[in-house]
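J.: model the following, please.
(one chain, ligands or ions: 2)
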Amino acid sequence: MKLLVTGGAGFIGSNFIHYWLNHHAQDEIVNLDSLTYAGNLENLLSVEHNPHYKFNQGDITEIELLDKIMPGIDIVVHFAAESHVDRSIRKPADFMKTNVLGTEILLEVALKHKVKRFHHISTDEVYGSLQLHSQTKFNEYSAYNPRSPYAASKAASDHLVRAYFFTYKLPVTITNCTNNFGPYQHPEKLIPLAITNVLEGKKVPIYGDGLYVRDWLYVKDHCRAIELVLTKGRIGETYCVGGMTDEISNLEVVKRILKIMGKSESVIEYVKDRPGHDRRYAVDCKKIETEFDWKPLYDFDTYLVQTISWYEKNHEWWTHVKNGEYTNYYKKQYQE
Ligand code: NAD
Ligand code: DAU
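T.: Ligands and ions are numbered 1, 2, ... in the order given. Modelled structure (predicted):
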């Protein structure tokens, strides 16, 4: 099999490439990534000389480039996106271009070259926000109700993927996953931000009252879910992925990180809230559990310890990331 992975130099895409080459060594992967601020080839150093892996720098909105890359591709796994909610609030147009237009162009070229599968990586944020302490969870039948420019752009991309299935019979599948964490995550996101700020002796910023709830999933469990959908998933279907931590607040997540790292809670700094901040996400994963027997392999705290240890051991990786474009972004986001 030959896979085209878009956005493979980002957090989840690079974890997926490592996962796939480890479990399907005979397959070939082409990684197409434009290397935005979030794309980092240091995530892929250990595979760069693997003859089954090839990197192509390019944008998913470049139709001529896609036309050259797509012949011979069996499966497209589409990760490429602008992925950070706070940046979508500052500059929504970038999100419309890559997440909406880019997805449409990729679908068009995949259809033209008759790929056997187009798998779209999406998010639980398309379903909106849940109330704190309610029993309600999102599932595959929840109504779309995106509330940030990022979520709206991902919702539009999901609709386009389904439109290509119903209208043109493109063989698609979609996964809507909860918040990932683990190795190679950009420190703009809460968990690596907290860990690396602690390692640098800085404060850890918490938005608003800190009582927002996310449903955290270790990135390798997400990669395994994608593998199951690619190998066993039914064409045209959507699968929700997550379901590990539906009651743990951001404040509690940060307190657990501080405890594991042996630091005082006095480093927590309450900062101004994110506009339109979604209160709670929680996903019911019954479908993927019953169809494929998928569930996270370990619990949240075990994975948190592993993740902290990865950032402790990979100081050079995250200092490179934090010293680049991120320095200016951090000032604008947290100090203005
Ligand atoms: P990321 O920001 O770490 O990586 C995105 C990658 O896409 C980067 O390598 C970037 O260079 C590349 N890219 C961006 N625009 C591009 C373009 N126009 N053409 C080609 N490449 C481009 O993102 P991530 O956290 O790894 O998320 C990957 C996917 O998973 C996204 O579609 C995101 O919506 C989805 N998702 C993320 C999470 C999460 O918690 N991180 C959860 C659910 C779903
Ligand atoms: O739910 C899936 C989504 O999870 C993905 O689709 C997105 O790509 C991914 O970025 C993530 O979105 P969130 O906005 O939930 O993740 P983030 O790490 O930015 O924030 C997690 C929570 O922590 C959220 O409630 C906001 C809060 N937060 C975040 C930052 C960066 C803080 O309190 N302080 C911070 O400095």
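
J.: show me where the chain has strands.
T.: All strands of the chain, identified by DSSP state E, fall at 2-6, 28-33, 53-57, 75-78, 117-123, 172-177, 180-181, 204-207, 217-218, 238-241, 268-271.

J.: what's the longest helix in this protein?
T.: The helix that spans the most residues within the chain, counting by DSSP state H, is helix 149-168.

J.: chain center to that helix, what's the gap?
T.: 17 Å (CA atoms, centre = their mean, to the nearest Å).

J.: tell me which residues in it are buried?
T.: 149-158, 160-162, 164-165 (16 or more other CB atoms under 10 Å). Where you see a C-beta, it was placed from the backbone N, CA and C, and this is true even at glycine.

J.: how about stretch 57-74?
T.: Buried-residue list, stretch 57-74, by 16+ other CB under 10 Å: 58-62, 65-66, 69-70, 73.

J.: and for residue 105, the neighbour number?
T.: Residue 105 has 16 neighbours, counted by other CB atoms under 10 Å.

J.: thought it was touching residue 60?
T.: Yes - checked against CB atoms under 8 Å, the pair residue 105 and residue 60 is within contact range at 6.3 Å.

J.: near ligand 1, which residues of this structure? Just list them.
T.: Residues of the chain lying close to ligand 1 by CB under 6 Å from any ligand atom are 6-7, 9-13, 33-36, 38-39, 59-61, 79-83, 98, 102, 121, 123, 154, 177, 179-180, 186.

J.: ok, the closest residue to ligand 2 within the stretch 51-200 of the chain - contacts?
T.: The nearest approach of the stretch 51-200 of the chain to ligand 2 comes at residue 123, 3.1 Å away (CB to the nearest ligand atom). Residue 123 is in contact with 151, 154, 176-178, counting by CB atoms under 8 Å, 6 or more residues apart in numbering.

J.: any chance of those residues in TSV, plus pLDDT and distance to residue 292?
T.: Listed next are the contacts of residue 123 as TSV, based on pLDDT from 0 to 100; distance: CB to CB, whole Å:
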residue	pLDDT	distance to residue 292
151	98	26
154	99	23
176	98	15
177	98	14
178	97	17
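
J.: could you dump those residues to JSON lines with distance to ligand 2?
T.: Listed next are the contacts of residue 123 as JSON lines, based on distance: CB to the nearest ligand atom, whole Å:
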{"residue": "151", "distance to ligand 2": "8"}
{"residue": "154", "distance to ligand 2": "7"}
{"residue": "176", "distance to ligand 2": "9"}
{"residue": "177", "distance to ligand 2": "7"}
{"residue": "178", "distance to ligand 2": "5"}
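
J.: now flag whichever of the residues you listed is closest to residue 219.
T.: Checking the contacts of residue 123 against residue 219 by CB to CB gives residue 177 as the nearest, at 9.7 Å.

J.: next one: the closest residue to that closest one other than its chain neighbours, what pLDDT does it get?
T.: In this structure, residue 177 finds its nearest non-sequential neighbour in residue 241, 4.2 Å apart by CB to CB, 6 or more residues apart in numbering. Each residue has a pLDDT score; the one for residue 241 is 98.

J.: hang on, isn't residue 241 packed against residue 283?
T.: Yes - between residue 241 and residue 283 there is a contact under CB under 8 Å: 7.2 Å.
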